[in-house]
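Q: Structural data only, the sequence is not supplied:
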């Protein structure tokens, strides 16, 4: 199967709009997704969680505190209630439909194999396997995904930056490094393992600490982009795709 995620791209790196383009409109919404497409992104990234009535929705946080001041968890609410609180929330099916023909990276927050199966089932139903990069945070789920759909592309969202060989053995074809961990040595390790490298800009938190890079998750400046250009990642995730499309990676 020919896939966006395993073919040679005309542009290097691929520009992935984090949280569907969270700097352009409300994160993880169709509005952000459309703005990211207009800005020239190659793909969008969004998150997958599950409501109490079984709907797969595109929500980054486990609860609604940050987005609307409600302390309840996404998993405690049915879809109708969630939409009454956040009217623009996307279901996974919404995101798969609205993102066409762009690539889509799914950061799957679900850790149960049966829920992974449900997620992949939606991707297959929407005829989006070739456009989808499945982001998984558990080494065991990587192999499980391959058992469900053998040729689906998988990105390993593992905590340890030096675990690329392990991820490759499990079946992942992409590996994520945070900007602070994206050294030439680690980039070489990823490639030597036979994988492609995606770099997530900023720090892995909403409020940054006093360390490099000096930005929260998803944000970056020209200097940071120039540093990343030197290690030639295959993809870069950032909230504002315009920075990469119009800047150092043009």
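A: Received it, and whenever you're ready, just let me know what you need. The structure presented is a predicted model; accordingly, all values stated were derived computationally and were not measured.

Q: pLDDT on the strand or helix carrying residue 223, on average?
A: Here residue 223, judged by DSSP states H and E, is contained in helix 222-229. For helix 222-229, mean pLDDT is 94.

Q: just how off-centre is the next helix or strand after that helix within its chain?
A: Beyond helix 222-229 in the direction of the C-terminus, DSSP H and E gives the next helix or strand as strand 235-238. Centroid separation between strand 235-238 and its chain, computed with CA atoms, centre = their mean, to the nearest Å, is 9 Å.

Q: for the longest helix seen in the chain, packing partners?
A: Secondary structure of the chain per DSSP state H: the longest helix is helix 113-125. Using 3 or more CB pairs under 8 Å, 6 or more residues apart in numbering; DSSP states H and E, the elements in contact with helix 113-125 are strand 43-50, strand 56-57, helix 92-99, strand 103-108, strand 132-136, helix 139-148. For every residue, glycine as well, the C-beta is placed using N, CA and C.

Q: Going by mean pLDDT, which of these comes out lowest?
A: Ranked by mean pLDDT, the helices and strands packed on helix 113-125 end with helix 139-148 in last place, scoring a mean of 94.

Q: What is that one packed up against?
A: In terms of contacts (3+ CB pairs under 8 Å, 6+ apart), helix 139-148 is packed against helix 113-125, strand 132-136, strand 153-156, helix 164-170.

Q: and if we set it to 6 Å?
A: helix 113-125, helix 164-170 (3 or more CB pairs under 6 Å, 6 or more residues apart in numbering; DSSP states H and E).

Q: okay, which residue is most central for the chain?
A: Centrality entry for the chain: nearest residue to the mean C-alpha point is residue 45, 3.8 Å, by CA atoms, centre = their mean.

Q: Could you double-check that it lies in contact with residue 105?
A: Yes. At 4.1 Å, residue 45 and residue 105 qualify as touching, with contact defined as CB atoms under 6 Å.

Q: Now do the shared contacts for these two.
A: The contact sets of residue 45 and residue 105 overlap at residue 16 (CB atoms under 6 Å, 6 or more residues apart in numbering).

Q: my read: residue 58 touches residue 28, true?
A: Yes. The pair formed by residue 58 and residue 28 meets the contact definition of CB under 6 Å, at 4.4 Å.

Q: what's the overlap in contacts for those two?
A: Both residue 58 and residue 28 are contacted by residue 46, under the criterion CB under 6 Å, 6+ apart.

Q: Show me the beta-bridge partners of residue 73.
A: In this entry, residue 73 is beta-bridged to residue 63, by DSSP bridges.

Q: Just want to check the distance between it and residue 142.
A: According to CB to CB, to the nearest Å, residue 73 and residue 142 sit 26 Å apart.

Q: Give me the more crowded residue out of these two.
A: residue 142 (25 against 16; other CB atoms under 10 Å).

Q: what sits against the more buried one?
A: Going by CB under 6 Å, 6+ apart, the list of residues near residue 142 reads 136, 154, 170-172.

Q: among those residues, who's most crowded?
A: Each of those was scored by neighbour count (other CB under 10 Å); the top score is that of residue 172, with 30 neighbours.

Q: quick one on the thing from earlier: buried set for the helix holding residue 223?
A: Along helix 222-229, these residues count as buried under the neighbour rule (16 or more other CB atoms under 10 Å): 224-225, 227-229.

Q: Check stretch 77-92 too.
A: 77, 79, 82-83, 86, 89-92.

Q: Next: stretch 205-212.
A: With the criterion 16+ other CB under 10 Å, stretch 205-212 contains buried residues residue 208.
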